[in-house]
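Peer 1: everything below, folded, please.
(one chain, ligands or ions: 1)
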Amino acid sequence: MKDEHLNPETMLAHYAEERGDYHGAVVPPLFQNSLFTFESWQAIDAAFDNRRESYIYSRVANPTVALVEKKIARLAGAEKGLLFASGMSAISAALLHFLNAGDHVITLKNIYGPANNLIAVYLKEKMNIGSTFVSGTDMGEFERAITPKTRLIYLESPTSATFRLQDIAAVTALARKHGLKTVIDNTWATPLFQKPLALGADLEVHSCSKYLGGHSDLVSGLVLGAAADIDAIAVRERELLGGVCSPFEAWLILRSLRTLTLRMEKHGQNALKVAAFLEAHPRVRRVDYPGLPSAPDYALAARQMSGFSGLLAFEPRLESLDKIRAFFNSLQIFQIGVSWGGHESLIYAPAISYLKELSPARFKAMGISLARMRISVGLENADDLIADLDRALTLAETGG
Ligand SMILES: *Cc1c(COP(=O)(O)O)cnc(C)c1O
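Peer 2: Numbering: from 1, shown residues only. From the prediction side, this is the model:
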C-alpha cells in the first residue's frame, strides 16, 4: 500500500501490510518466534550493524509487533511507536527516558493510581525524583509548580478518575517556554479521538489493555513520539528493562485495530445515551462525562478531541452503604470488575478500594462520595444498559 493519505478505517485495514511477503494471507502471520536465523557470518554481522532495522531477537524487534507499531504510529501522527508488555511498562519507560536522579516532575492529583505511586513513591525512593501534584485545570498552578529541577510535565487528559481535561496545547507551550518535556497518557481518548503530539506533547503513552485491545483479552502498552526519542527508548528502556509486548498480544491488537473506528463510535454513542439518562434521573446526584454538553470542560473537549469514549462516573442519590451495595449488586448486564475499554459493560466503585484504608467518615472528608460509581459502557444495546441501571436504581431505593 502506498504512503498516500488514507482515512483511519482504510489505513487500519491495509497500511503496512505486505501481503505479497506472506502468500497473500489476508491476516498477517503471527511471528511467534524468539530468534531469527541467518545464512552466514556475514549476514548476521550485517544485521548487527543495522540493529534497528533488523530482526535478530524478539526482545529487540519482532515483525508482528513492528507492524502494529507502524499502524498505530500512523493513526496517531507519530513518527514512531513502541509496544510494551503493559501500559505501566510503557509509562515507566517514557518517564525513565526523560528523567534523571534528582529531577522534579509536575503531574496531576488524579492520574491513574499506579502512575501516581510510581512517581510519588518509587521514583522518589529510588532516584530522589521530586514531584508536585496540581489540579490540571489551572495554568497558573502548573507555572507556579516549576522549580529549577523540573524536567517533565506528566498529563492524563481526560483523567480516568475525574474525567477533567487539561488544555494540552497551553501546557505544552508552557513546558517548551521553560525547556521542559511533556508526556501524556492518552488511553481514555485513544489515538483516534485525540492527537496530543500535534498539540505539542513529546510522548504519548497508552494502555492497549483498554480500547486498543478492546476485547478484554490482553494486557499491553504503547509509547508514541518522534523517532529520536522512540529509537532511544527502544535500545535503552525497552531492550534493557525488557518489558516487551509478546507477538501474540500484538497480533490480537492488530485484529482489534480493524474495528477500532466502529467500536469507538459505538462506545461514544452508548456512553452519551447512558450519561444523558443518568443526568436526567431523579435518583442520580451527578454525572462526570466530558461528552455531556453540561460538563465543565465541554468547550475544551470540543477543541482538542474529536470524539468521546465510554468510561464515566456517576453518583446515585443513595445515602447508606447498604443501599449503595444493593444498587451495585442488582445490576445484571453491567459486570463487576476493574479495567475498562472492552466490549462488555463494567461497573466498579472506588469505595471498595478506599474503604480498605479509610473509615467512611475519612473517605467522605476527601470529597469523594461513597456512592461514586465508575462505569465502562460497552458495545451492548444502549436501551438494555439504561434499563439495567434504571431497574437497579429503583430496587436500591425501595428494596435495599
Ligand atoms: C489501565 C491504565 C493504565 C495501565 O495500563 P496497564 O495495561 O494495566 O498496565 C495506565 N493509564 C490508564 C489511564 C489506565 O486506565
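
Peer 1: with adjacent residues omitted, what lies nearest to the residue of the stretch 151-300 of the chain found nearest the ligand?
Peer 2: The nearest approach of the stretch 151-300 of the chain to the ligand comes at residue 207, 3.0 Å away (Cβ to the nearest ligand atom). C-beta coordinates here come from the backbone N, C-alpha and C atoms, glycine included. Distances taken as Cβ to Cβ, 6 or more residues apart in numbering place residue 87 nearest to residue 207, at 2.7 Å, with adjacent residues excluded.

Peer 1: that neighbour: neighbour count?
Peer 2: 24 (other Cβ atoms under 10 Å).

Peer 1: likewise residue 67?
Peer 2: Residue 67 is flanked by 20 other residues according to other Cβ under 10 Å.

Peer 1: quick one, what contacts the residue nearest to residue 207?
Peer 2: Counting by Cβ atoms under 8 Å, 6 or more residues apart in numbering, residue 87 makes contact with 185, 187, 205-210, 219-222.

Peer 1: now do 10 Å
Peer 2: 112, 114-115, 185, 187, 205-210, 212, 219-222 (Cβ atoms under 10 Å, 6 or more residues apart in numbering).

Peer 1: likewise residue 109?
Peer 2: With contact set as Cβ under 10 Å, 6+ apart, residue 109 has these partners: 116, 133-136, 159, 161-162, 164.

Peer 1: ranking by neighbours, what's the top pick from the residues you listed?
Peer 2: When neighbours are counted by other Cβ under 10 Å, residue 136 leads the contacts of residue 109 with 26 neighbours.

Peer 1: pretty sure that residue is touching residue 167, no?
Peer 2: Yes. Assessed by Cβ atoms under 10 Å, residue 136 is found in contact with residue 167 at 9.1 Å.

Peer 1: mind listing the shared neighbours of those two?
Peer 2: 142, 155, 157.

Peer 1: in what helix or strand does residue 137 lie?
Peer 2: Counting by DSSP states H and E, no helix or strand carries residue 137.

Peer 1: ok, the residue of the stretch 151-300 of the chain closest to the ligand - contacts?
Peer 2: Applying Cβ under 10 Å, 6+ apart, the residues contacting residue 207 are 84, 86-88, 90-91, 112, 160, 185-188, 213, 219-222, 339-341.

Peer 1: from the shared contacts of residue 136 and residue 167, which land in helices?
Peer 2: Using DSSP state H, the subset of the shared contacts of residue 136 and residue 167 located in helices is residue 142.

Peer 1: wait, which of the shared contacts of residue 136 and residue 167 is closest to residue 97?
Peer 2: residue 155 (15.9 Å; Cβ to Cβ).

Peer 1: burial count for residue 320?
Peer 2: The burial count for residue 320: 12, using other Cβ under 10 Å.

Peer 1: and what of residue 48?
Peer 2: 10.

Peer 1: any idea what sits nearest it, other than its immediate chain neighbours?
Peer 2: What sits nearest to residue 48 in space, not counting adjacent residues and going by Cβ to Cβ, 6+ apart, is residue 56, at 7.1 Å.

Peer 1: which of the contacts of residue 207 are close to the ligand?
Peer 2: 86-88, 112, 160, 185, 187, 219, 221 (Cβ under 6 Å from any ligand atom).

Peer 1: picking up where we left off before, want to throw the contacts of residue 109 into TSV with distance to the ligand, secondary structure and pLDDT?
Peer 2: Formatted as TSV, the contacts of residue 109 follow (distance: Cβ to the nearest ligand atom, whole Å; DSSP: H, G, I helix; E, B strand; the rest coil; pLDDT from 0 to 100):
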residue	distance to the ligand	secondary structure	pLDDT
116	10	helix	95
133	16	strand	96
134	17	strand	96
135	17	coil	94
136	14	coil	95
159	8	coil	94
161	9	coil	88
162	12	coil	91
164	13	coil	96
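
Peer 1: how much space is there between residue 389 and residue 131?
Peer 2: Remark: distance between residue 389 and residue 131 (Cβ to Cβ, to the nearest Å) = 38 Å.

Peer 1: and the two? Which one has more around it.
Peer 2: Using other Cβ under 10 Å, the more surrounded residue of residue 389 and residue 131 is residue 389, with 27 against 19.

Peer 1: for the helix or strand containing the more buried one, buried residues please.
Peer 2: For residue 389, the host element (DSSP H and E) is helix 382-399. By 16 or more other Cβ atoms under 10 Å, the buried positions in helix 382-399 come out as 382, 385-386, 388-389, 392-393, 395-397.

Peer 1: gap between it and the chain center?
Peer 2: 29 Å (Cα atoms, centre = their mean, to the nearest Å).

Peer 1: which other helices and strands contact it?
Peer 2: helix 260-280, strand 311-316, helix 321-330, strand 346-348, strand 373-376 (3 or more Cβ pairs under 10 Å, 6 or more residues apart in numbering; DSSP states H and E).

Peer 1: can you tell me what sits against the shortest one?
Peer 2: With contacts defined as Cβ under 10 Å, 6+ apart, strand 346-348 is touched by 216, 310-311, 313, 327-328, 331, 333-340, 372-378, 388-389, 392.

Peer 1: give me the buried subset of the residues you listed.
Peer 2: For these, buried by 16+ other Cβ under 10 Å: 216, 310-311, 313, 327-328, 331, 333-334, 340, 372-378, 388-389, 392.
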